[in-house]
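Novice: Provided below are the primary sequence and the corresponding predicted coordinates.
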Amino acid sequence: MYGRVLLLNGSTWEPIDIISVPRAINLVLSEKAQVVEESGRSLRTVSAKFPVPSVIVLHYYVNVPRRGARWSRRGVLARDGYVCVYCGSRPGEMQRGQILRKQDFTVDHIIPKSRGGVDGWTNTACACYICNHRKGSRLPSEAGMKLRWEPKTPRTSYLVISIGNGPETWKKYIEID
Ligand SMILES: [Zn+2]
């Protein structure tokens with residue numbers, strides 16, 4: 001009920017797990033980890049009050065096998081948080097007299113598939129249907145459109161799915177070149 005906490009590996013600061021608040025506080029109190037970002041909330045017990053962490057980092061390095069993030073359309077939308085890479089619009093905003101819904105956001109292939117573009121993390125991004133339609137099967141430069149950010153490969157697939165619902169404080173720890 002107090003949400004989840006992103007656990008980072010010691011020294012590399014790679015995200016390795018999403019854990020419960022009690023487990024996170026336990027790691028901090030036993031001096032195995034320290035708080036990097038706070039959630040702004042606090043947890044009160046009969047005897048004490050703790051700020052609820054949002055991101056913690058271990059004091060030591062654990063060897064975690066790398067799980068490559070498998071590309072998926074759902075993963076791309078979750079990674080980009082349903083924000084259009086071209087115009088920056090997001091669900092709930094007004095666009096051409098209509099309120100955008102989640103269904104109005106699609107996965108755009110930056111280099112279109114018809115031009116040899118692949119289904120991959122760095123070639124795909126979330127785009128609203130208006131931008132997607134406007135771009136068509138052209139390159140962004142040909143359509144006179146600019147990407148607001150460079151799409152990156154996320155570290156682990158389960159983190160990508162979770163980040164869609166994850167707090168803002170997690171985002172900078174998730175992506176990698
Ligand atoms: Zn757009």
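Specialist: Perfect, thanks for sending it. Everything numeric in this text was worked out from a predicted model, so none of it was measured. Residues are numbered from 1 along each chain as shown.
Novice: the domain parsing of this structure - what is it?
Specialist: The record assigns the chain these domain ranges, following automatic domain parsing: 1-69+155-177, 73-154.
Novice: the ones you listed: which one's closest to the ion?
Specialist: Comparing these against the ion with C-beta to the ion, the closest turns out to be domain 73-154 (3.2 Å). C-beta coordinates here come from the backbone N, C-alpha and C atoms, glycine included.
Novice: wait, does that closest one contact the ion?
Specialist: Yes: with C-beta under 5 Å from the ion as the criterion, the ion is reached by domain 73-154 at 84, 86-87, 128, 131.
Novice: ends of that domain, what's the gap?
Specialist: Distance between the two ends of domain 73-154: 13 Å, counting by C-alpha to C-alpha, to the nearest Å.
Novice: picking up where we left off before, ok, of the domains of the chain, where does mean pLDDT dip lowest?
Specialist: With a mean of 81, domain 1-69+155-177 has the lowest mean pLDDT of the domains of the chain.
Novice: kindly reformat the domains of the chain as CSV containing mean neighbour count.
Specialist: Below are the domains of the chain laid out as CSV (neighbours: other C-beta atoms under 10 Å):
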stretch, mean neighbour count
domain 1-69+155-177, 16
domain 73-154, 16
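Novice: mind naming the longest strand for the chain?
Specialist: strand 33-44 (DSSP state E).
Novice: what lines up beside that strand in the sheet?
Specialist: Using DSSP bridges, the strands paired with strand 33-44 are strand 49-58 (antiparallel).
Novice: what's in contact with the strand it pairs with?
Specialist: 2-3, 5-10, 13, 21, 24-25, 27-28, 32-43, 167, 169-170, 173 (C-beta atoms under 8 Å, 6 or more residues apart in numbering).
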